[in-house]
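Participant: got a predicted structure plus its sequence, pasted below:
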Amino acid sequence: MSERVELYTDGACKGNPGPGGWGAVLRFNGTEKELFGG
């Protein structure tokens, strides 16, 4: 039996180089976790 893991990510920067940020949503076994940074 295989288990399903879903991971959605996105990120952006203002300028290159410049300040930026990222975010992710991880879903597994009915649980959802949000991760982010910048």
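Facilitator: Received, thanks. What you see is a predicted model, and the numbers here were worked out from it, not measured in a lab.

Participant: number of residues surrounding residue 27?
Facilitator: 13 (other Cβ atoms under 10 Å). (Glycine included, C-beta is placed from N, CA and C.)

Participant: typed the wrong thing, it's residue 9
Facilitator: For residue 9, the neighbour count with other Cβ under 10 Å is 10.

Participant: is it true that it touches residue 26?
Facilitator: No. Between residue 9 and residue 26 there is no contact under Cβ atoms under 8 Å: 9.4 Å.

Participant: can you give me the strands for this structure?
Facilitator: Counting by DSSP state E, one finds strands in the chain at the ranges 5-13, 20-28, 31-37.

Participant: quick check: neighbours shared by residue 9 and residue 26?
Facilitator: Counting by Cβ atoms under 8 Å, 6 or more residues apart in numbering, residue 9 and residue 26 have no contacts in common.

Participant: tell me which residue is most central in the chain.
Facilitator: In the chain, the residue lying closest to the centroid (Cα atoms, centre = their mean) is residue 24, at 1.1 Å.

Participant: contacts only, for that one.
Facilitator: Contacts for residue 24 were tallied using Cβ under 8 Å, 6+ apart; they are 7, 8, 9, 10, 34, 35, 36.

Participant: go again using 7 Å as the cut-off
Facilitator: Neighbour list for residue 24: 7, 8, 9, 35 [criterion: Cβ atoms under 7 Å, 6 or more residues apart in numbering].

Participant: give the bridge partners for the closest residue to the third one other than its chain neighbours, please.
Facilitator: So that's residue 9. Closest residue in space to residue 9, ignoring its immediate chain neighbours: residue 24 at 4.5 Å, by Cβ to Cβ, 6 or more residues apart in numbering. For residue 24, the beta-bridge assignment (DSSP bridges) gives partners residue 9, residue 35.
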